Structure formats: structure tokens, C-alpha cells
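S.K.: Got a sequence here, can you build the structure:
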Amino acid sequence: MIGPLAVVRDCLRAGEPVVLVTVVELSPLDPVSDHAVAPDTSTSPALGAKIVIRLGADPLGSFGEPTLDETIARDALDALETERNALRSYPPNRALHRCGVTAFYQVFAPPRQMVVVGATDFTAALVRVAKVLGYRVTVCDARPAFATALRFPEADEVVTDWPDRYLATVAAHLGPRDAVCVLSHDHKFDVPAILAVLDTRVGYIGAMGSRRTNAERIEGLRREGVSDEELARIMAPIGIDIGARTPEETAIAIAAEIIALRANSRVPSLRDGSGPIHQARE
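M.R.: Numbering: from 1, shown residues only. Predicted coordinates for the structure are as follows:
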């Protein structure tokens, strides 16, 4: 059976986020004096015991108690979400004669990936915001005159290619922590790009456009056989409804929607509203 450290190694090589949880202290309390006593290791995990937690996979390893294992797995996913190491303590379970456990959560997470389709002014603003949030950002556009590193100096990569063709090459590597933002505002780019990622595990798919543009795009996707369930994955019009108008404001609205969706937090997304996207300002 493959060991936990070997699993972590394989995850690192594959660019897959993973959390290694290690028991670093056993500290039961005497039920009378409330002072620390020697651990009862017969019903407790051993010092140095490890569990590996990955997204979309069963935990590897056990600390010998299902309830504790479930708590460890949940807390590991929280650590992975924040991408920060953590030290957490769990009290003794006197009914099971299990001593208290302190565990160290070591997070190994490659940068979140964001692919932005379309080389526009809105793209330049989104790249800047996404970099602040720690994303590795790729800009993709089929037009060589627009897709240049000079226009997007903060992007990690600028690709000159048809977006759907490029996305097909990276689709297998996109996961729940990643995002695809379609800002091209052109059906000949938008529809194929969205089709290229609908069957992936990518956590966020958003597309820019007016409500009319979006309605036309939806019809184009339906003609390609996209189901209502698949359409529900697409956040379009993109962003939350904060009255954004400028590229910078729109970038913030998009980033906020990505954060809210990842946190399963309810926000007023433009997709769920009606009427004009850009309200008149006084």
C-alpha cells in the first residue's frame, strides 16, 4: 500500500492540492485533577500518525475514530481553502478512552488557475485583481495584435490561439479552485470556449455580455446540446450586481462572485437579476 508521503509526492508532481495531517501531541486530562497525565495510546492515534486529504478523493489513513476522522477531513478542507498551515487541538473522548489530539495541517497547494478569454481592457483589469488574489493567470485570444505580453504585463502567460483549442489542452488540469472567465463578448469565441470547459471540474465559469447577448449565447449553447443543468454552471452575465461600469469595477465584481461561489455564500449575482446591467448614475 502506498504511504502518505508518497501520495503527497505524487500530488505535488501532478499539481494537485493536498493536505498532510500529522498527530504532533497526545494530551489527555485526568478526570479528577484536570492535570495532564500519560496518554492512553491503546485507543488513540500514535504520535506521528498521518492522514492525507485530497479534493474529490477519500482520505488516506485514519486516526482510529470515525468521528475524529470526519472532523479532521472537514478541517483539512478548510485549511486547503485558506491555503494556510494550521495547528488544531481536539479534546479527549472519555467515552472511548481516547486522549486529546493535537494535529498539524500542512497544506501543499499550487496557485489557483484563471484563464481569461478575450484580450480586452476588462481583461487587463481582471488580471490585476486576480494576481492580488493569488491566481496564476493566462490570457487567451486568437488575435495576435491584441494578445500580447505588452498589453498584459501582469499575466503569467499570454496565449495567441483559438480559446476553445487552448482550453482543450488544459481542461484536464482545471479543478474546483480554478476559474474560466470569458470576456471576449463575441459568440464565435464565447460559445466554443464555454463548450470546452463545461465537462471539466473547474469551479467557476463566467461570461460577459448584456442580457440580450447572454440570451443569444444561451440559444447557441442549446443548439450545441447543452442541458439546463450544464447552463446552470455558467455565471452570465458575469459578476455580482454592484453597479460596476468601469473595467476595474467590473473586475472587482467578478472576483467577488468567484469568492462567494467558492464559499457557498449568497450574493446578488447579475445572472439572477433582470433589467439593464448598467444602471444610470446620478
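S.K.: Can you get me a residue count around Pro66?
M.R.: Residue neighbour count, defined by other CB atoms under 10 Å, stands at 9 for Pro66. Just so you know, the C-beta spots here come from the backbone N, C-alpha and C atoms, and that holds for glycine as well.
S.K.: ok, for the most centrally placed residue in the chain, nearest residue in space, not its chain neighbours?
M.R.: Most central in the chain under CA atoms, centre = their mean is Arg177, positioned 1.6 Å from the mean C-alpha point. The shortest distance from Arg177 to any residue other than its chain neighbours is 4.7 Å, reached at Arg112 (CB to CB, 6 or more residues apart in numbering).
S.K.: quick one, what contacts that neighbour?
M.R.: Contacts for Arg112 (CB atoms under 8 Å, 6 or more residues apart in numbering) come out as Leu133, Gly134, Tyr135, Arg136, Arg177, Asp178, Ala179.
S.K.: Which members of these are classed as buried?
M.R.: Neighbour counting by 16 or more other CB atoms under 10 Å classes Tyr135, Arg136, Arg177, Asp178, Ala179 among the contacts of Arg112 as buried.
S.K.: how close does the fourth one sit to Asp75?
M.R.: When CB to CB, to the nearest Å is applied, the distance between Asp178 and Asp75 equals 23 Å.
S.K.: isn't the residue nearest to the centre of the chain right up against Gly15?
M.R.: No - between Arg177 and Gly15 there is no contact under CB atoms under 8 Å: 11.0 Å.
S.K.: Out of the contacts of Arg112, flag the one nearest to Val21.
M.R.: Closest approach to Val21 among these (CB to CB): Arg177, at 19.0 Å.
S.K.: is it fair to say Gly134 lies in a helix?
M.R.: No - under the criterion used here (DSSP: H, G, I helix; E, B strand; the rest coil), Gly134 is coil, not part of a helix.
S.K.: Against Pro91, how distant is the residue nearest to the centre of the chain?
M.R.: In this view, Arg177 and Pro91 are 32 Å apart by CB to CB.
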